[in-house]
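In: missing the sequence, but the structure's below:
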Ligand SMILES: Nc1ncnc2c1ncn2[C@@H]1O[C@H](COP(=O)(O)OP(=O)(O)OP(=O)(O)O)[C@@H](O)[C@H]1O
């Protein structure tokens, strides 16, 4: 298991992490989500020893990560860390050497990853001459070339075109199949939903939601109701007790019900407006779950 446990970190007066914890099983992909400035990068930097936590630790196989074990972690920093003048192939081989491969193994592994990530034709180009997306692929090759046991990637998908996203996603899923735990941060929640076995949402210094997307959905199940009443006047649902209008467009209304509200009373109100052509509980998307989680402190948080 890769375990992030009880991480606290303040920068001066600003308390960024206040007990962040989550685990990632070998062979699984964890999507690390949170608003801008929530503390995702700080969490990953702590794992890599680049920021010292005020409390807490990150463990792999039960042992706190240290400089030696971090050599077995493939890391893609947010600020990226490439040498602009170096050629693609040399660059990736250089990172392999840094992680302990000998020269021959490093050259071979570099050629292999450069090819697998679609950079073959660019092997002899200087990194600074590549597009942003291709530089990102080089960065990923640098993280993968030493056959890491663990992958920690800070926004690896940002700036990639759809083809780049697919080749990166394939590469990561390949790593997962080989038993590597993968953590990546992203604001692209559709991708997180598509790729990850589990997700964590960081807000207010803590993980406010963790689990599979299905588990998070179940927790929220029975709250969002979609009602389509084509002939109803706009605002028909305003003032319904126990129901908040989330959105309303041409009689297509999304309502959030409090747990004690009877959906049948909402149906009754809808029928009084005319025909009801759709009435069903709505599966929240990860985007909706995210908005809910970062917007409102949960009852457990308030009690804590
Ligand atoms: N070295 C530092 N000194 C002072 N403040 C810092 C430092 N590093 C991070 N912070 C602050 O910590 C907070 C969390 O930043 P962090 O980069 O970890 O967030 P993030 O979740 O990765 O955000 P984003 O999604 O925008 O990349 C921010 O308020 C940031 O300004």
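Out: Received, thanks. None of these values were measured; they are calculated from a predicted model.
In: neighbours around the closest residue in space to residue 211 that isn't next to it in sequence, how many?
Out: For residue 211, the nearest residue in space outside its immediate sequence neighbours is residue 198; the separation is 6.0 Å by C-beta to C-beta, 6 or more residues apart in numbering. C-beta here means a position set from N, CA and C on the backbone, and glycine is covered the same way. The burial metric for residue 198, expressed as a neighbour count using other C-beta atoms under 10 Å, is 20.
In: same deal with residue 235?
Out: Should you count by other C-beta under 10 Å, residue 235 turns out to have 10 residues around it.
In: Same check on residue 242?
Out: 15.
In: how close does residue 172 get to residue 137?
Out: Remark: distance between residue 172 and residue 137 (C-beta to C-beta, to the nearest Å) = 12 Å.
In: what about those two, which has more around it?
Out: Higher neighbour count among residue 172 and residue 137: residue 137, with 26 against 22, using other C-beta under 10 Å.
In: Enumerate every residue touching the more buried one.
Out: The contact partners of residue 137, by C-beta atoms under 8 Å, 6 or more residues apart in numbering, come to 117, 118, 119, 164, 167, 168.
In: Report the two of those residues separated the most.
Out: The two members of the contacts of residue 137 with the most space between them (C-beta to C-beta) are 119 and 168, at 11.9 Å.
In: Show me the helices in this protein, by range?
Out: Assigned by DSSP state H, the helices in the chain fall at 40-47, 67-70, 88-98, 103-116, 132-144, 162-177, 189-195, 213-220, 263-271, 286-295, 299-303.
In: Mind giving me the packing neighbours of the longest one?
Out: Applying 3 or more C-beta pairs under 8 Å, 6 or more residues apart in numbering; DSSP states H and E, one finds that helix 162-177 contacts strand 29-34, helix 132-144, strand 150-153, strand 182-185, helix 189-195.
In: looking at those, which one has the lowest mean pLDDT?
Out: When these are compared on average pLDDT, helix 132-144 comes out lowest at a mean of 88.
In: Ignoring the adjacent residues along the chain, who's closest to residue 111?
Out: Here the nearest residue to residue 111 in space, its sequence neighbours aside, is residue 89; by C-beta to C-beta, 6+ apart that works out to 6.7 Å.
In: ok, that neighbour touching residue 125?
Out: No: at 9.2 Å, residue 89 and residue 125 do not qualify as touching, with contact defined as C-beta atoms under 8 Å.
In: Close to the ligand: what parts of this structure are there?
Out: In this structure, the chain approaches the ligand at residues 11, 14, 16, 34, 36, 37, 38, 39, 40, 41, 42, judged by C-beta under 6 Å from any ligand atom.
In: ok, the third one - contacts?
Out: So the one you mean is residue 16. Residue 16 sits in contact with 9, 10, 39, 42, 205, where contact means C-beta under 8 Å, 6+ apart.
In: which residues does the residue of the stretch 201-304 of the chain found nearest the ligand form a beta bridge with?
Out: When distances are taken as C-beta to the nearest ligand atom, the stretch 201-304 of the chain reaches nearest to the ligand at residue 202, 6.7 Å away. Bridge pairing for residue 202 (DSSP bridges) gives the partners residue 34, residue 207.
In: any idea which of the contacts of residue 16 has the most stuff around it?
Out: When neighbours are counted as other C-beta under 10 Å, the busiest of those turns out to be residue 39, with 24 neighbours.
In: pretty sure that one is touching residue 202, no?
Out: Yes: under the criterion of C-beta under 8 Å, residue 39 is in contact with residue 202, at a separation of 5.9 Å.
In: what sits in contact with each of the two?
Out: With contacts defined as C-beta under 8 Å, 6+ apart, the residues adjacent to both residue 39 and residue 202 are residue 20.
In: Tell me how many other residues crowd the residue nearest to residue 111.
Out: 22.
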